[in-house]
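*Asks:* Predicted model and sequence follow; I will ask about them next.
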Amino acid sequence: MAKAQQQSKADVAAMKRLAAGESGALEELIERHKRSVLNIAYRYTGDAVAAEDLAQEAFIRVYQARRRYKPTAKFSTWLYRIVTNLCLSALRKVQVRKAFSLDSGLETQEGEFRTDRSSMETDAPGDRLEREELAAVVRQAVQALPENQRIAVILNRYTGLGYQEVARSMNLSPMAVKSLLNRARNNLKEKLSSYLERGDLRTKK
């Protein structure tokens, strides 16, 4: 927690220096946040090149807003909102609906099953194929979620944001975010119910 607070303070200080004309402050922010920005953009688009372009545009927006920025929320929360809006705009324009991979487990009533690449690497060839097929099914299920549910899942699971920060990023209340995530989990369970019933989803107690 202390490290996160220090980073937040460093981000605000960097934005102040950027507003004062210190170009090196932008490089500092890019170095600290580019990986997370790229990760979010890729989850939306499923395209590494498009994700790189969106990340670049996000930091251009940061630079353009350098004198208007107010630290009413964490810099990262503000940045993720910029990235999310850019991604949604890009998806609507080109109607890109590519699947993105789920690298962490999906919680179910039976436990948690995982489809991450690290677990696939240690599987036997037959098991690896089954898990890769399962990962494709999960990607399709997440892709089919309503837009707001998909946004909430991405921000919560892949950036580590809590309900409060996801709420700020989406301009919603924390209770609305909690409701979105609950509906997303229920929708995913329903879409994947046939696999759960057959026991194809390996659970982790």
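*Replies:* Received the coordinates, thanks.

*Asks:* Which parts of the protein are helices?
*Replies:* 2-19, 24-45, 48-64, 75-94, 117-121, 125-143, 147-158, 163-170, 174-191, 193-198 (DSSP state H).

*Asks:* Tally up the residues packed near residue 78, please.
*Replies:* As a burial measure, residue 78 scores 19 neighbours (other Cβ atoms under 10 Å). C-beta coordinates here come from the backbone N, C-alpha and C atoms, glycine included.

*Asks:* My read is that it contacts residue 61, right?
*Replies:* No. Using Cβ atoms under 8 Å as the test, residue 78 is too far from residue 61 to be in contact (10.3 Å).

*Asks:* buried stuff in stretch 38-58?
*Replies:* 38-47, 50-51, 54-55, 57-58 (16 or more other Cβ atoms under 10 Å).

*Asks:* wait, stretch 176-188
*Replies:* Buried residues in stretch 176-188 (16+ other Cβ under 10 Å): 176, 177, 178, 180, 181, 184, 185, 187, 188.

*Asks:* Looking at those, spot the one nearest residue 88.
*Replies:* Checking those against residue 88 by Cβ to Cβ gives residue 180 as the nearest, at 15.0 Å.

*Asks:* pLDDT value on the residue nearest to that closest one when sequence neighbours are not counted, please?
*Replies:* Nearest non-adjacent residue to residue 180, counting by Cβ to Cβ, 6 or more residues apart in numbering: residue 152, 4.2 Å away. For residue 152, the model assigns a pLDDT of 86.

*Asks:* what residues are up against residue 152?
*Replies:* Residues in contact with residue 152 (Cβ atoms under 8 Å, 6 or more residues apart in numbering) are 166, 170, 177, 180, 181, 184.

*Asks:* just checking, the first one touches residue 177?
*Replies:* Yes. At 4.8 Å, residue 166 counts as touching residue 177 under the criterion of Cβ under 8 Å.

*Asks:* Domain-wise, how is this structure divided?
*Replies:* As given by automatic domain parsing, the domain ranges for the chain are 2-94, 106-198.

*Asks:* Check these for me: which has the lowest mean pLDDT.
*Replies:* Taking the mean pLDDT of the domains of the chain, domain 106-198 comes last: a mean of 72.

*Asks:* which residues do residue 166 and residue 177 both contact?
*Replies:* 152, 156.

*Asks:* For the residue nearest to residue 180, give its distance to residue 185.
*Replies:* Using Cβ to Cβ, to the nearest Å, residue 152 is found at 10 Å from residue 185.

*Asks:* what residues are up against the residue nearest the centre of the chain?
*Replies:* In the chain, the centroid-proximal residue (Cα atoms, centre = their mean) is residue 154; its distance is 3.3 Å. When contacts are counted by Cβ under 8 Å, 6+ apart, residue 154 is found next to 40, 43, 44.

*Asks:* who touches the last one in this structure?
*Replies:* Right, the one you point to is residue 44. Contacts of residue 44 (Cβ under 8 Å, 6+ apart): 51, 54, 84, 87, 88, 90, 91, 100, 154.

*Asks:* Could you pull up the contacting residues of residue 145?
*Replies:* 153, 184, 187, 188.

*Asks:* ok, back up a step: and of the contacts of residue 44, the nearest to residue 26?
*Replies:* When the contacts of residue 44 are compared against residue 26 (criterion: Cβ to Cβ), the nearest one is residue 54, at 16.9 Å.
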